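A.B. asks: just need the structure, nothing else, for what follows:
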Amino acid sequence: MRKFLRAVTVTAAFALSGAVSAAGAKAETLADALIAAYKNSHLLDQNQAVLRAADEDVAIAVSALMPVISFVAQAGYTYAETTNILGQPVTSESLTSSATLSAELLLYDFGRREYGIGIAEHSVLATRHALVNVEQQVLLAAVRAYVNVQLTQQIVGLRESNVRLITQELRAARDRFDVGEVTRTDVSIAEARLAAARSALAAAQGDLMVARESYKAATGSYPGRLAALPASPKIGKTLEEAQAVARRSHPLVLQAQEMVTVAELQVGLAVANMKPTVGMGASVTWQDDGDLTEQLGLNFRHTIYAGGERSAVHRKALAGQDRARAGLGQTVVDVLQNVGNAWAALSVYHASIEASDRQIRAAQAAFDGVREEATLGARTTLDVLNAEQELLSARSARLEAEAGRYIAVYQVLASMGLLTVDHLNLGIPTYDPKAYYNAVKNAPPTSPQGKKLDEILKKIGN
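C.D. replies: Predicted coordinates for the structure are as follows:
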């Protein structure tokens, strides 16, 4: 067991060596951690790609407004064996070729294309809001990681101080045992407490190693020397204010609103699909014998009976509309509940900090008094160790409450929909969702617009 504890201690000390060696370097701030999290997040990269795919749906819908031009070239070889009226075999061979250039254009479809474009555009807006929510998750994870590293470092410091203090108490107990002031039991109690303190220190060092890994996962690198936490951001004075902000600005609410619009457009599209279409077609065909055939015409298409499929699609769209509207209502309920929960947690942490402060003052006074009385023989070693443990617990609770309070502030901010790079004024360029959209919304082929798109993709890759 002792070998294990030594191994854990050595490993933790090695993990901390980077922070110690960086003591002379500039300390990493919380803003640095948030910026690193935003720049290095694979989750953001993934959802930005999802958004670009949604942008392409707009281009696909717009392409329905364009003519469809196709070219077909054909060539064939024919070999035939027949008999003439005299019964003699006759063979023939021929080589034919042709080329056809055709164009089709949908002239009128009772709004199908407009509904399709509207569905794609509002789906893009919904996906943008979803990306903002992912951004909030990434930044909140960075805040948690930063605060937890600092908390675990402070807990390790408390545990190290606890080991040193109990070591002193054990040494004093042994000295008093040597002169007959205490029994062997007092020494054994101090030895047991020291072993427990070392075990708790090893656990705290393990927690610090875990916190460092979480920090690396959130920001892309291990923490160096961390600066003190800055002042908490403003979150409003009342719960009602925070909920009002969340109702109108939380990305999940905005996303649900866009999905209601998409569902309503789906109903319109289902109705339009029941109506006919009018189109125009033109073609030019060249034959190998020099003949040229040109065609131009209008077509009118209407499905008279499809086995009830289109009526079922319409009813399905109506059900989807009801689902989207109910989903919006439930999303608002969930968002407001999350704001209330985060606000309540923040209040609890405030109360815990005040209570811990009072507990620390009382525990410190008790510990000082018990230790003084022990020197006079009025208290036992166990009394001193118990008083020290009470003080340690109070200090640990204070650190945990303060860390929880700080994270809770950012949780409230996230529940309001405001935990973003722009709102925090981090001062870095952010992903522009409109840049790619503007480059592809008109369904550009390989052209100057296509070159512009290549430049945008290159910047995204960098």
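A.B. asks: now do the contacts for residue 406.
C.D. replies: 143, 147, 229, 232 (Cβ atoms under 8 Å, 6 or more residues apart in numbering). Heads up, the C-betas are built off the backbone N, CA and C, glycines and all.
A.B. asks: and residue 169, by the same measure?
C.D. replies: The contact partners of residue 169, taken as Cβ under 8 Å, 6+ apart, are 190, 193, 381, 384, 385, 388.
A.B. asks: so which of the residues you listed are in helices?
C.D. replies: Mapping the contacts of residue 169 onto helices (DSSP state H) picks out 190, 193, 381, 384, 385, 388.
A.B. asks: hang on, the earlier thing: same list, the contacts of residue 169, but as JSON lines with neighbour count, distance to residue 60 and pLDDT please.
C.D. replies: Listed next are the contacts of residue 169 as JSON lines, based on neighbours: other Cβ atoms under 10 Å; distance: Cβ to Cβ, whole Å; pLDDT from 0 to 100:
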{"residue": "190", "neighbour count": "25", "distance to residue 60": "76", "pLDDT": "86"}
{"residue": "193", "neighbour count": "22", "distance to residue 60": "71", "pLDDT": "88"}
{"residue": "381", "neighbour count": "23", "distance to residue 60": "79", "pLDDT": "76"}
{"residue": "384", "neighbour count": "26", "distance to residue 60": "77", "pLDDT": "82"}
{"residue": "385", "neighbour count": "25", "distance to residue 60": "73", "pLDDT": "83"}
{"residue": "388", "neighbour count": "21", "distance to residue 60": "70", "pLDDT": "84"}
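A.B. asks: tabulate the CA atom coordinates of the helix or strand residue 60 falls within in CSV.
C.D. replies: Element membership for residue 60 (DSSP states H and E) is helix 42-63. The C-alpha trace of helix 42-63 is given here as CSV (Å, rounded to 0.1, in the frame of the first residue of the first chain):
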residue,chain,number,x,y,z
HIS,A,42,-13.8,19.1,-32.8
LEU,A,43,-17.5,19.3,-31.7
LEU,A,44,-17.8,22.8,-33.1
ASP,A,45,-16.0,21.7,-36.3
GLN,A,46,-18.4,18.8,-36.7
ASN,A,47,-21.5,21.0,-36.3
GLN,A,48,-20.1,23.7,-38.5
ALA,A,49,-19.9,21.0,-41.2
VAL,A,50,-23.5,20.1,-40.5
LEU,A,51,-24.4,23.7,-41.1
ARG,A,52,-22.5,23.8,-44.4
ALA,A,53,-24.4,20.7,-45.5
ALA,A,54,-27.7,22.5,-44.6
ASP,A,55,-26.5,25.5,-46.6
GLU,A,56,-26.2,23.2,-49.6
ASP,A,57,-29.8,22.1,-49.2
VAL,A,58,-30.7,25.7,-50.1
ALA,A,59,-28.6,25.5,-53.2
ILE,A,60,-30.3,22.2,-54.1
ALA,A,61,-33.7,23.8,-53.7
VAL,A,62,-32.7,26.9,-55.8
SER,A,63,-31.4,24.6,-58.5
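A.B. asks: hey, where'd the strands end up in the stretch 1-150 of the chain?
C.D. replies: Taking DSSP state E, counting those that start in this stretch as the test, the strands found in the stretch 1-150 of the chain are 68-83, 89-108.
A.B. asks: tell me the pLDDT at the one residue sitting closest to the centre of the chain?
C.D. replies: The centre of the chain sits closest to residue 134, judged by Cα atoms, centre = their mean, with a distance of 3.2 Å. pLDDT for residue 134: 95.
A.B. asks: wait, doesn't it sit right on residue 45?
C.D. replies: No. Contact criterion Cβ atoms under 8 Å: residue 134 and residue 45 do not qualify, at 10.2 Å.
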